[in-house]
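> just the structure for this:
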Amino acid sequence: MKPKVVIFSGGMGTRLKEETDYRPKPMVNIGDKPILWHIMKIYSHYGYNEFVLCLGYKGEMIKKYFYDYEVLNNDFTIDLSRNKSIHIHDSGIEHDWKVTLADTGLNTLKGGRLKRAAKYIDSDVFMLTYGDGVCDVNIDELMKFHLSHGKIGTVTGVRPPSLFGELVVENGQAVLFAEKPQTSTGLINGGFFIFNRKILDYVTEAEDCDFEFGPLEKLASEGELMVFEHSGQWQCMDTYRDMEYLNKLWNSNNAFWKVWDKN
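Next up is the predicted model:
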């Protein structure tokens, strides 16, 4: 059985208030599906189909989405007679997904969320990522790397896209025009972690237990955090501009993270 994928899905997304005033950030759409669905599809493409979602802000909307998943994502016929019944015209989508929805508290920081959801993590190794970032990282290669070094944790290091377009100019002439290119230097935390269960000793159920500040810093200082350098593409959805950009890529069939639909 493959390890479970834990996804932080409880933040308020204050920098995307145009959308998150009404719904949790992981439920903001790219195309006609929430970004959370896109992230899960990336993992599912590599055979990782069991998910633990750490819920918080407006978590009931995520619960309802998955509870009603079949009728929301398929055509169906409903018989409104006294013996009401529903027939799903099944498209065969995501039959192999198993999703655990864990309420980890409204204001809990990420370390606390992980510890509170730990009872649903039943393997020695597990995946972990954020509910607002997509990537074309090869999950199989990521797992191979993690198993090769024997340390507690692996983080995917990515080169973030520029906040603005890039112009390269020679003698007054634009020789390169690129919208939101990946920067050539400087790795950042791109999520898409893999951990051994020992990481759970670094976090507590306390509401103020963070994840990056404290646990990951300690892990790094002890030499227990390795970096899988990803040279491909990554994009988070922090702002309305990011959301528009991701939707532009999706709607123009240029979604780099759509690994499940590539030959």
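
> SS state for residue 101?
Assigned by DSSP: H, G, I helix; E, B strand; the rest coil, the conformation of residue 101 is strand.

> who's in contact with it?
53, 55, 59, 62-63, 66 (C-beta atoms under 8 Å, 6 or more residues apart in numbering). Glycine gets a C-beta too; all of them are placed from N, C-alpha and C.

> buried ones only from the residues you listed, please, as a ChimeraX command.
Selection of the buried residues among those in ChimeraX, burial being defined by 16 or more other C-beta atoms under 10 Å:
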select :53,55,59,62,66
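
> please identify which of the contacts of residue 101 is nearest to residue 10.
Closest approach between the contacts of residue 101 and residue 10, by C-beta to C-beta: residue 55, at 5.3 Å.

> so what pLDDT did that closest one get?
Note for residue 55: predicted pLDDT of 98.

> again with the one 5 residues further on
Looking at residue 60, its pLDDT reads 97.

> likewise residue 172?
If you check residue 172, the pLDDT there is 64.

> buried residues in stretch 84-93?
When burial is assessed from 16+ other C-beta under 10 Å, stretch 84-93 yields no buried residues.

> hang on, I meant stretch 61-79
Neighbour counts over stretch 61-79 (16+ other C-beta under 10 Å) mark 62, 65-66, 70, 73 as buried.

> make TSV out of the contacts of residue 101 and add distance to residue 248 and secondary structure.
As requested, these are exported to TSV (distance: C-beta to C-beta, whole Å; DSSP: H, G, I helix; E, B strand; the rest coil):
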residue	distance to residue 248	secondary structure
53	27	strand
55	29	strand
59	29	helix
62	25	helix
63	30	helix
66	27	helix
